[in-house]
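Asker: Show me how the following folds:
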Amino acid sequence: MLPTLGVPEDEQFNKLAKQHDDLAQDPEKNAEALKAVEDAMNDRVRELADKAADDEQKAAEPQRELMREYPMCGVDPSPAIPRDAEFAELSGKRDALLTDPEKNADEIRDVEEAMHDRANELAARDKRRRRPSTHLKPKSAEMSMIEDDEVAELPDEDGGLPDQPLKREAQETPCLAGTDMKDPYYEQLEALRDALIAEDPDKNAPAIRCVEEQMKDRAEQLKDDDEKAAAEQARQKDALLEQMPFLPSEINGIPIEELPLKDDEPFAALAEEHARLAQDPEANEEALKDVEEQMKDRAKELADQAAEEEKALRDALPFVDVGKTPLRELDLDSDPEFAKLHAAYDELAKDPETANGPEAKRLEKAMNDLAQLIAFDEAAAKHRDAIKEADLHEEFPFLPDEPIDGITLRDAGVMEDPEFRALANQLEDLKKEDPVKNAPKIKGLEDKLKDRAEELAKDVKDATDEAKEKYPFLPKRVDDVLLGNLPPRHR
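Answerer: Next up, the predicted model:
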């Protein structure tokens, strides 16, 4: 049942779906029960989406371990590193040299450069075999992160460790792109460095230098990623306004690209009508203008709804400060921990004596702290998605952003598809071999990749449309994931 919904093997969802089908035999009599079951189905779909996100984080843990063990390999080390004989030989040589880091400073640098180069070779090989990895956020900074060999590998410019405490200038903690939220990992490194300085700046000079190198690397990583993500977001906005130049760039202070235009059924229907009329713009000039006005009006309605929802949330939670991140995007009460705190707070608010008491203030702080973590996760997810989109556009510039209207390349899951990857590998080989001589073959493969991307996008669209038709009360997207992509998905 529901093979295209993405949850056919979920026993809990199937049980609810059966209840819904039974109750729907008499919708008027069972109106309240139907609403309760529909809410439960919505909740279950969200749980499945959250589980998929958790599974993705767990799958990334081995890579984080590699980042800590081999910092010279960059932020996206290949999982093949621990099994690679050449890298193991270099690592053994480095361990031997680290027995006297001051004497062997130059040799250590050379070996680490070779390890870095080998890691890049392995990463390039992986790129042909799997989907490019996301930029992973390192785990919390702890004293245990600073191993003796890591400290030893950071000689000063003269080849030895500094005898005096390092002179440092105050540096502002970097923020995640498009937000005013501080990067937690950088803040933890900063706190660790300050603790080392407070303890004994002379004795801890090597460790301090090591932490500051990590701070520098993290700041550079954030800067590079931020520039890439910002450029991709700007490119997508330009593409939207080029496609619909009659729309304003923002409404009610909300950027047009942040409105759910293509997921809104009334707007999507108008967009389809506009595309049909645009096939003969001269004959349909007046009708086109009318549809464009309707599209502008609908966009304004969506912006008004968003602004109204945002104001209501800000009024209800005046103590929650998440900076530039809209509260409406966080769905805070869907988080069990936040919902529990909120319920306790609402209970206290019923009694004037406890409404502004110490327990209420404690709950306000707890909710604000949790909301900030949720907001950072939301911003980080958007950031990662923008980088993924940028990587796809950079690797396949000949592919449209949306193979089918409303379905992006990321929605289509092109890099998870074995057939698409095989074609992409062939294309890369031809370009490396001789792009001029192989131009006709390259063009042929590009056309095949376009066709395959369109097929995959159509699969996702059909799955989502079928789910929406059967269960119209389900949202088209859950946490920006189309219904047709919710796991476990079967094509």
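
Asker: what sits against E378?
Answerer: Residues in contact with E378 (C-beta atoms under 8 Å, 6 or more residues apart in numbering) are 325, 329-330. Backbone N, C-alpha and C define where each C-beta goes, glycine included.

Asker: top of the residues you listed by neighbour count?
Answerer: Highest neighbour count within the contacts of E378, by other C-beta atoms under 10 Å: T325, with 22 neighbours.

Asker: returning to what we had before: closest to A424 among the contacts of E378?
Answerer: If you rank these by distance to A424 using C-beta to C-beta, E329 comes first, at 33.1 Å.

Asker: Generate a markdown table for the contacts of E378, with secondary structure and distance to D385 as supplementary columns.
Answerer: Below are the contacts of E378 laid out as a markdown table (DSSP: H, G, I helix; E, B strand; the rest coil; distance: C-beta to C-beta, whole Å):
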| residue | secondary structure | distance to D385 |
| --- | --- | --- |
| T325 | coil | 15 |
| E329 | helix | 13 |
| L330 | coil | 16 |
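
Asker: quick check, nearest of those residues to A230?
Answerer: T325 (16.0 Å).

Asker: wait, that closest one sits on A380?
Answerer: No. Judged on C-beta atoms under 8 Å, T325 makes no contact with A380 at a distance of 10.8 Å.

Asker: now the contacts of E378 as TSV including pLDDT and distance to E272?
Answerer: Below are the contacts of E378 laid out as TSV (pLDDT from 0 to 100; distance: C-beta to C-beta, whole Å):
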residue	pLDDT	distance to E272
T325	86	32
E329	88	27
L330	90	31
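
Asker: pLDDT score for E232?
Answerer: At E232, the model reports a pLDDT of 86.

Asker: A helix includes A119, no?
Answerer: Yes. Under DSSP: H, G, I helix; E, B strand; the rest coil, A119 falls within a helix.

Asker: Report the secondary structure element holding the most centrally placed residue in the chain.
Answerer: The centroid of the chain falls nearest to A381 when counting by C-alpha atoms, centre = their mean (2.6 Å). Element membership for A381 (DSSP states H and E) is helix 358-395.

Asker: can you tell me the average pLDDT over that helix?
Answerer: 87.

Asker: Can you name the element that comes right after that helix?
Answerer: Defined by DSSP H and E, the subsequent element after helix 358-395 is helix 409-412.

Asker: From the contact counts, what lies against that following helix?
Answerer: helix 358-395, helix 439-470 (3 or more C-beta pairs under 8 Å, 6 or more residues apart in numbering; DSSP states H and E).

Asker: buried residues in the last one?
Answerer: This means helix 439-470. 442, 445-446, 449, 452-457, 459-461, 463-464, 466-468 (16 or more other C-beta atoms under 10 Å).

Asker: What is the least confident helix or strand in this protein?
Answerer: Scoring the helices and strands of the chain by mean pLDDT, DSSP states H and E places helix 148-152 at the bottom, with a mean of 45.

Asker: and A316, how many neighbours does it have?
Answerer: 11.

Asker: Just the element for the residue nearest to E359 when sequence neighbours are not counted, please.
Answerer: What sits nearest to E359 in space, not counting adjacent residues and going by C-beta to C-beta, 6 or more residues apart in numbering, is L348, at 6.2 Å. Of the helices and strands defined by DSSP H and E, L348 is found in helix 336-349.

Asker: Check the offset of that helix from the chain's centre.
Answerer: 29 Å (C-alpha atoms, centre = their mean, to the nearest Å).

Asker: How about residues contacting the helix or strand that that helix is followed by?
Answerer: Using DSSP H and E, the helix or strand that directly follows helix 336-349 along the chain is helix 352-355. With contact meaning C-beta under 8 Å, 6+ apart, helix 352-355 is reached by 348-349, 360.

Asker: mind listing the helices for the stretch 201-350 of the chain?
Answerer: 205-243, 265-277, 285-316, 336-349 (DSSP state H, counting those that start in this stretch).

Asker: Need the ones you listed in CSV (columns: distance to M41).
Answerer: Putting those into CSV (distance: least, C-beta to C-beta, whole Å) gives the following:
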stretch, distance to M41
helix 205-243, 32
helix 265-277, 19
helix 285-316, 23
helix 336-349, 18
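
Asker: Between those helices, which one is closest to E28.
Answerer: helix 265-277 (24.7 Å).

Asker: what inclination does that closest one have with respect to helix 439-470?
Answerer: Angle, helix 265-277 to helix 439-470, by axes from the mean of the first three to the mean of the last three C-alpha atoms, to 10 degrees: 140 degrees.

Asker: other SSEs contacting helix 265-277?
Answerer: helix 285-316.

Asker: relative to helix 336-349, how tilted is the helix it packs on?
Answerer: 60 degrees.

Asker: Could you list every helix and strand in contact with helix 285-316?
Answerer: By 3+ C-beta pairs under 8 Å, 6+ apart, helix 285-316 packs against strand 250-251, strand 254-255, helix 265-277.

Asker: Could you check how many residues crowd around the residue lying closest to A268 once chain neighbours are set aside?
Answerer: Nearest-residue entry for A268: K262, 6.1 Å, with adjacent residues in sequence omitted and distances by C-beta to C-beta, 6+ apart. Residues lying near K262 (other C-beta under 10 Å) number 16.

Asker: what comes up buried for stretch 348-356?
Answerer: Buried-residue list, stretch 348-356, by 16+ other C-beta under 10 Å: empty.

Asker: Run the chain-centre distance for that stretch.
Answerer: Taking C-alpha atoms, centre = their mean, one finds stretch 348-356 lying 39 Å from the centre of the chain it belongs to.

Asker: Now do the end-to-end distance for it.
Answerer: 8 Å (C-alpha to C-alpha, to the nearest Å).

Asker: re earlier: among the helices and strands packed on helix 409-412, which comes closest to A287?
Answerer: Among the helices and strands packed on helix 409-412, if distance is taken as C-beta to C-beta, the winner is helix 439-470, at 26.1 Å.

Asker: Tell me which other helices or strands the helix or strand just after the closest one touches.
Answerer: Beyond helix 439-470 on the C-terminal side, the first helix or strand identified by DSSP H and E is strand 477-478. Applying 3+ C-beta pairs under 8 Å, 6+ apart, one finds that strand 477-478 contacts helix 31-59.

Asker: what angle sits between the helix it packs on and helix 439-470?
Answerer: Using the same axes, to 10 degrees: helix 31-59 against helix 439-470 is 150 degrees.

Asker: Now do the same for helix 31-59: mean pLDDT, whole number.
Answerer: The model assigns helix 31-59 a mean pLDDT of 76.

Asker: What are the buried residues along it?
Answerer: Under 16+ other C-beta under 10 Å, the buried positions of helix 31-59 are 34, 37-38, 40-42, 44-46, 48-49, 52.

Asker: now swap in stretch 325-341 and tell me
Answerer: Buried residues in stretch 325-341 (16+ other C-beta under 10 Å): 325-330, 332, 335, 338, 341.

Asker: for stretch 86-105, same thing?
Answerer: 87, 90-91, 93-94, 97-98, 101, 104-105.

Asker: quick one: which of those residues is nearest to A198?
Answerer: So of the buried residues of stretch 86-105, ranked by how close each gets to A198 (C-beta to C-beta), first place is P101, at 25.2 Å.

Asker: which residues of the stretch 101-250 of the chain score low on pLDDT?
Answerer: Within the stretch 101-250 of the chain, the segments meeting pLDDT under 70 span 101, 124-182, 184.

Asker: Domain ranges for this protein, per the record?
Answerer: The chain breaks down by automatic domain parsing into domains covering 11-59+396-485, 160-243, 250-373.

Asker: Take those domains and write them to JSON lines, including distance to I387.
Answerer: Shown next, in JSON lines, are those (distance: least, C-beta to C-beta, whole Å):
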{"stretch": "domain 11-59+396-485", "distance to I387": "11"}
{"stretch": "domain 160-243", "distance to I387": "5"}
{"stretch": "domain 250-373", "distance to I387": "16"}
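
Asker: Fine by me, we can end here.
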